[in-house]
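*Asks:* Got a sequence here, can you build the structure:
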Amino acid sequence: MTYAPLYLIMLSSLLAALSGLPLAFRLVRPEKGQRMAAGFMIASALTGISGALVVLLNRLSLTHELSWSVPYGPMITAVDPLSAFFALPILIVASCCSVYALGYWPAAEKPRNIGKLSAFFGLLVSGLIWVTLARSALLFLFAWEIMALSAFFIIIPEDTDREVRESGILYLICTHISTLSLFALFTLLRTLTDTFAFPAAGSISAASPMAGVLFLVTLFGFGIKAGMMPFHVWLPSAHANAPSHVSAVMSGVILKIGIYGIIRTLSFFDNIPWWWGVTVLTLGAVSGVFGVVFALAQHDLKRLLAYHSIENIGIILMGLGLGLLGLATHQPVLIVLGMAGAMLHVLNHAVFKALLFLGAGSVIHSLGTREIDRMGGLIKTMPKTAILFLTGAIAICGLPPLNGFISEMFIYLGLFKSAVNGAGAAAATSALAAPALALIGGLALACFVKVFGVVFLGEPRDSRLPAAHEAPRSMLGPMAVLGSICVLIGVIPLLAAPLLESAVASFSAMFLNDAELAALAPLGWISVLSMALVVLVFLAYTLKIKTTTATRSVTWGCGYLAPTARMQYTAASFADTLTGLFRGVLRPHTHWPRIHSSFPAPSTFESHVPETVLEKIYLPLFAWTNDRLGTIRKLQNGKMHTYIVYMFLTLMGLLMVPY
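*Replies:* Reported below is the predicted structural model:
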């Protein structure tokens, strides 16, 4: 058996790690170094994607073991279809974002931090790849920490900004809570397997109480990294304050590594109980619904997109929960539909969310603000960015003929089959999850109608902003690549079917050849209808262009003779009715104008939605705990001889514990 695909992916990680080093060590001019970094990242993507596709199409499983003198066993690396599938979004998004940075974060304009940003960006991508290749606990944790620390440094390139620093610190705290949980996870896993090497798929019985504990620790540890509610508190601020191409990588890739960790760990177990699937399905529905609700209430463009990442992580978890229900009830159809929907949504979300963040970055690069209510009318000056952003918006709303529709369709079909053919709590949960998924889609559509309408349509709202300009080709090119992938998967989903079937088969040995995606979903008819829809839209647009004459005039003022841009809908007013339905969850802060007479002075109205979980739950809980632990804190008095006494007493206590 040839190990070439595994070596190609390893080479890909090496190229990524080396990409930013010439610039970081000032071996070349900054502009040339940045172009070299982008070139290395493209080479890394081409190399790694080639190896991953070979593994997926041939359903290979390649393992390489390196014996070393470090404790905790040998260093084991491997690639299987599950690893290879997760490598695809890592490499696609990273290479596009690296090229995008040439125009968005040019070295000539950012000489202070471009070296650090490029170096840690490459290390981040390399760490992400090694997380998918690791098959032993020590190597996994080592790669995980490289990923975590690299992400911290690329979140805060503008570390002179207090808000940026605070978001980076919050991320660092949360990611190391996740890491500590993984230490506990692998320690508990060793009690079942007597080794720190990853066990084979389906080799551990999930019937024991220890397996239930491992399941919960897995959801907590990896759920923090994935941004699953209620462990998402680091995500909105980190995504909002990082450079836009970094936000695209964080949302499109880093969150999915949390999903990879959950899927990889759960694949170790056999005889999975039904409550595992119900738990994951419920958490997915909660993350999806409340993620999109919080997104609706946002005024910051990037923070809005960040909350939509939580929503889409919820959709992925719903597919995963459905697959676990299939494992618990021995229904291969549910396994295939649920896991294929989850896996395809991993890829889809990476692509269209990266496209949306890069589109938002183009707008911010042009105007210098993230506030939606200050924008407007950008389709006139940024038509290419507007079309590409609209492509991502249609995809994230799950509308045909784009890729988001395909993955959500798989999950819908699985939920319907589970509700009809299942029994007990599994059927009831699936029956409730289907309308929850529909609610997520409806609210997402309303949110992006708001975003696109306020940002790109109408008239400019703030005359103090600079004149908008279209993004350069170095920024539009990567966006066009991502948009093309959205269209390709949506119009020809059969291309993704063999890759998905291969990944699902590596997750579960219960995969049957007679439960193929092409037989469970009408992918052929979807292609025909999608192509017809694309052709009809193109013909209608062409006919309209040829038969109409463009005229320019002011917006109709409904009889008012002096309309102004202030009379347009704002982001808050557009979503007010929907957010009002969830006021008890959002807990908005509203500042009403004060009117004291019949002829009031000019006043303002302001509304703000806090990070409710962080500000209303975690911070008060931490403050309460801090107050209660004040007495214990007196033990830390700064006196060395006291600490020596503590160490002596601890050592004596350990010596008296029988083994």
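*Asks:* which stretches of the protein have low pLDDT?
*Replies:* The model of the chain has pLDDT under 70 over residues 1, 69-70, 509-515, 545-546, 548-551, 553-557, 561, 658-659.
*Asks:* got the domain boundaries for it?
*Replies:* Following automatic domain parsing, one gets these domains for the chain: 273-545+566-581, 612-656.
*Asks:* Of all those domains, which one is nearest L23?
*Replies:* If you check each of those against L23 by C-beta to C-beta, domain 273-545+566-581 wins as the nearest, at 16.4 Å. All C-beta atoms are positioned from the backbone trio N, CA, C, and that covers glycine.
*Asks:* one step back: among the domains of the chain, which is the most enclosed?
*Replies:* domain 273-545+566-581 (a mean of 21; mean count of other C-beta atoms under 10 Å).
*Asks:* Which parts of the stretch 451-600 of the chain are strands?
*Replies:* Here the stretch 451-600 of the chain has its strands, by DSSP state E, counting those that start in this stretch, at 589-591.
*Asks:* for it, what spans make up the helices?
*Replies:* For the stretch 451-600 of the chain, helices defined by DSSP state H, counting those that start in this stretch occupy the ranges 473-491, 497-507, 517-520, 523-547, 571-581, 583-586.
*Asks:* Please identify which of the ones you listed is closest to G442.
*Replies:* Using C-beta to C-beta, the nearest of the helices of the stretch 451-600 of the chain to G442 is helix 571-581, at 9.4 Å.
*Asks:* Not counting sequence-adjacent ones, nearest residue to G368?
*Replies:* Using C-beta to C-beta, 6 or more residues apart in numbering and skipping the chain neighbours, the partner closest in space to G368 is P466 (6.4 Å).
*Asks:* Kindly list the longest helix within this structure.
*Replies:* Longest helix in the chain by number of residues, with DSSP state H as the criterion: helix 332-367.
*Asks:* And the nearest residue in space to V487 that is not next to it in sequence, how far from L488?
*Replies:* Distances taken as C-beta to C-beta, 6+ apart place L402 nearest to V487, at 6.4 Å, with adjacent residues excluded. Distance, L402 to L488, using C-beta to C-beta, to the nearest Å: 10 Å.
*Asks:* Now tell me what touches the helix or strand where L654 lies from outside.
*Replies:* Assessed by DSSP states H and E, L654 sits inside helix 640-656. Applying C-beta atoms under 8 Å, 6 or more residues apart in numbering, the contact partners of helix 640-656 are L635.
*Asks:* and if you look at stretch 479-498?
*Replies:* Stretch 479-498 is contacted from outside by 56-57, 92-93, 96, 100, 344, 347-348, 351-352, 354-355, 358-359, 362, 385, 388, 391-392, 395, 400-406, 471, 516-518, 523-524, 526-527, 530-531, 534, using C-beta under 8 Å, 6+ apart.
*Asks:* From T590, how far out is T604?
*Replies:* Using C-beta to C-beta, we find T604 at a distance of 12 Å from T590.
*Asks:* er, R165 actually
*Replies:* Separation of R165 from T590 (C-beta to C-beta): 29 Å.
*Asks:* what's the answer for L320, then?
*Replies:* From L320 to T590 the distance is 38 Å (C-beta to C-beta).
*Asks:* what does M10 give?
*Replies:* In terms of C-beta to C-beta, M10 sits 55 Å off from T590.
*Asks:* Neighbour count: those two, which is higher?
*Replies:* M10 (21 against 11; other C-beta atoms under 10 Å).
*Asks:* I'd say that one and A78 touch.
*Replies:* No. Using C-beta atoms under 8 Å, M10 is not in contact with A78, being 11.2 Å away.
*Asks:* Spit out the residues that contact the two alike.
*Replies:* In contact with both M10 and A78: L133, using C-beta under 8 Å, 6+ apart.
*Asks:* Enumerate the positions of stretch 40-55 that are buried.
*Replies:* 40-45, 47-49, 51-55 (16 or more other C-beta atoms under 10 Å).
*Asks:* In helices, which of these fall?
*Replies:* Using DSSP H, the buried residues of stretch 40-55 in helices are 40-45, 47-49, 51-55.
*Asks:* Please dump these into TSV; it should also carry distance to S267 for every row.
*Replies:* Shown next, in TSV, are these (distance: C-beta to C-beta, whole Å):
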residue	distance to S267
F40	33
M41	30
I42	32
A43	31
S44	27
A45	26
T47	26
G48	22
I49	23
G51	21
A52	18
L53	21
V54	21
V55	16
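*Asks:* Please name the residues that touch the residue nearest the centre of the chain.
*Replies:* Nearest residue to the geometric centre of the chain (C-alpha atoms, centre = their mean): S251, 3.3 Å. The neighbours of S251, taking C-beta under 8 Å, 6+ apart as the test, are 239, 305-306, 309, 353-354, 357.
*Asks:* mind running it again at 10 Å?
*Replies:* Applying C-beta atoms under 10 Å, 6 or more residues apart in numbering to S251 gives the contacts 93, 227, 235, 238-239, 242, 302, 305-306, 308-310, 312-313, 349-350, 353-354, 356-357.
*Asks:* Also S603?
*Replies:* By C-beta under 10 Å, 6+ apart, S603 lies in contact with 591-596.
*Asks:* overlap in contacts of L402 and L488?
*Replies:* Residues touching both L402 and L488 (C-beta under 10 Å, 6+ apart): V351.
*Asks:* Pull up the gap between the residue nearest to V487 and S527, please.
*Replies:* In terms of C-beta to C-beta, L402 sits 13 Å off from S527.
*Asks:* go on, A52?
*Replies:* Relative to S527, and taking C-beta to C-beta, A52 is found at 24 Å.
*Asks:* cool, S237 as well?
*Replies:* Separation of S237 from S527 (C-beta to C-beta) stands at 41 Å.
*Asks:* Then L255?
*Replies:* Using C-beta to C-beta, we find L255 at a distance of 29 Å from S527.
*Asks:* in what helix or strand does S607 lie?
*Replies:* Here S607, judged by DSSP H and E, is contained in strand 606-608.
*Asks:* Please state the offset of that strand from the chain centre?
*Replies:* With C-alpha atoms, centre = their mean, to the nearest Å as the basis, strand 606-608 stands 27 Å off its chain's centre.
*Asks:* which parts of it are buried?
*Replies:* Per 16+ other C-beta under 10 Å, strand 606-608 contains these buried residues: S607.
*Asks:* Quick one: name whatever helix or strand follows that strand.
*Replies:* Next element after strand 606-608 (DSSP H and E): helix 612.
*Asks:* Specify the local secondary structure of the residue nearest to the centre of the chain.
*Replies:* helix (DSSP: H, G, I helix; E, B strand; the rest coil).
*Asks:* Which residue, other than its chain neighbours, is closest to it?
*Replies:* Nearest to S251 is S309, by C-beta to C-beta, 6+ apart, at 4.4 Å.
*Asks:* and the direction of the helix or strand harbouring the one you found versus that of helix 332-367, what angle?
*Replies:* Taking DSSP H and E as the definition, S309 sits inside helix 301-329. With axes from the mean of the first three to the mean of the last three C-alpha atoms, to 10 degrees defining the directions, helix 301-329 sits at 170 degrees from helix 332-367.
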